[in-house]
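**Q** What follows is a predicted structure for the sequence shown.
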Amino acid sequence: MRGRQHITPRRDASTAVRALALSAALGLALAGAARADFAAGWAAYQASNHAAALQSWLPLARRGDVDALYNVAVLYESGLGVARDPARAAEWYARAAKRGLAQAQFALGLAYETGSGVTANDGEAAIWYRRAAEQNLARAQYNLGRLHYEGLGVPKDLALAAEWFQRAARAGFAPAQNNLGYMHERGIHLRASAKDAAAWYRKAAEQGLATAQTNLGIMLNFGLGVARDDAQAARWYRDAARQGDAQAQSRLAFLLANGQGVERDLAEAYAWLTLAVEGAAATTGEHRARLAARLDPYQLAAAERRAAELRQQLAATKEPPRRALPRQTAKFGSARVTAQRRLVTLGLYGGVVDGVSGPETTAAVRAFQGQAGLEVDGRVSSKLLRALGAAVRAPRTAPRPAAETDAD
């Protein structure tokens, strides 16, 4: 049941607002190589200029911009544009997590569970997974369910484990769907039902989860909860085998050796058993030796070549470990957040980027309106955003840095 899930960030489709032209004579843009500009940081990241992205996001992160906090953490965790530093990454994740960002809460929980940049602590991991899970982040719901299933950092509680798995499964999270299938198949807290187990395995298998593909293959192979269908079993075993699942490789080999659901092919069976042995599938070494005895030297040499070919194919298609990616922002469409970010870029705002129009935000808006020749009312409007956008895009002139303050 244990299988840690890695970070999959969110993005939205928004980009910087198109703005009306504004005279560059306003002289509001910051000079120098680095300035606080979320959109510029995103563009730099997409262009693989990670150092520039970091420099664009850091000033915003120091002012509490939750998306910038998260993105800076990602860069430190991945070693993009800066030396890899899991401890610094955990610090930035913690700051974003405390501001309520579910993805950061999940990342911090994962750091505590794996001991990445912090002292491993399953109890702390559970706390942060729960906060993200309560915001309906499926990966966090799954991991919290797994901790309850195993009794790690929290009391062992199969009812809670099933509840969190169900919530994640309903959101389409394949590992949770597979786990529900397993609990139904074995009658662990949930009603024992091979039919329900096969249905959950299928949902996860259709999303490409190798473990679920193997489990569905077994159900089809033995007619558990579904009509027996060796051809379909072989299909699912093969899909999982191609992802490196040793049990699927072993079971596919047995079907090939016996001609069940597929054409009988001893050499192909031997090749898959060879890979299964390398994947530490139980008892396959003995079966492989018996199968080798049934092949003549020519067939055995061909089977070894086929095993080498399959090994090479698996290596070529194996996905690299998933790593965190920056998020563009969930609040990019928020007028106040956008205004605060642009005012920071222009050096007019040194407060927290939180979307709250407090006195400091209002003062910065009024200052910009006065310099831009707009009506000075301190209000965030579409007209203000257009003017701010034009000023941000204008050529840089004299620097006007705001005081650097770290917002917790």
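**A** Sure, I can see it.

**Q** make it CA atoms for all contacts and neighbour counts henceforth
**A** Will do.

**Q** residue contacts, Met378?
**A** Careful, residue 378 is Gly and not Met. For Gly378, the contacting residues are Thr362, Ala363, Ala364, Val365, Arg366, Gln369, by CA atoms under 8 Å, 6 or more residues apart in numbering.

**Q** Format these as TSV; extra columns: secondary structure, neighbour count and pLDDT.
**A** Listed next are the contacts of Gly378 as TSV, based on DSSP: H, G, I helix; E, B strand; the rest coil; neighbours: other CA atoms under 10 Å; pLDDT from 0 to 100:
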residue	secondary structure	neighbour count	pLDDT
Thr362	helix	18	93
Ala363	helix	17	94
Ala364	helix	21	93
Val365	helix	24	92
Arg366	helix	19	94
Gln369	helix	19	93
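
**Q** Among the residues you listed, find me the one that's closest to Ala89.
**A** The closest of the contacts of Gly378 to Ala89 turns out to be Ala364 (CA to CA; 31.1 Å).

**Q** shaky segments in this structure?
**A** Applying pLDDT under 70 to the chain flags residues 1-35, 279-283, 318-325, 327-333, 395-408.

**Q** Quickly list the domain ranges of it.
**A** Listed domain ranges for the chain are 34-242, 243-316, 337-393 (source: automatic domain parsing).

**Q** Pick the most buried one from the ones you listed.
**A** domain 34-242 (a mean of 22; mean count of other CA atoms under 10 Å).

**Q** How much space separates Ala257 from Ala240?
**A** Noted for Ala257: a distance of 18 Å to Ala240, by CA to CA, to the nearest Å.

**Q** again, but for Gly208
**A** In terms of CA to CA, Gly208 sits 8 Å off from Ala240.

**Q** Isn't Val356 up against Thr338?
**A** No. In this structure Val356 lies outside contact range of Thr338 using CA atoms under 8 Å: 11.2 Å.

**Q** ok so, going back, would you mind putting the contacts of Gly378 into JSON lines with distance to Gln249 alongside?
**A** Shown next, in JSON lines, are these (distance: CA to CA, whole Å):
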{"residue": "Thr362", "distance to Gln249": "64"}
{"residue": "Ala363", "distance to Gln249": "67"}
{"residue": "Ala364", "distance to Gln249": "64"}
{"residue": "Val365", "distance to Gln249": "64"}
{"residue": "Arg366", "distance to Gln249": "68"}
{"residue": "Gln369", "distance to Gln249": "68"}
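
**Q** What are the boundaries of the strands in the stretch 51-200 of the chain?
**A** Taking DSSP state E, counting those that start in this stretch to define them, one finds no strands in the stretch 51-200 of the chain.

**Q** what separates stretch 360-372 from the chain centre, distance-wise?
**A** Centroid separation between stretch 360-372 and its chain, computed with CA atoms, centre = their mean, to the nearest Å, is 39 Å.

**Q** Nice, that's everything, thank you.
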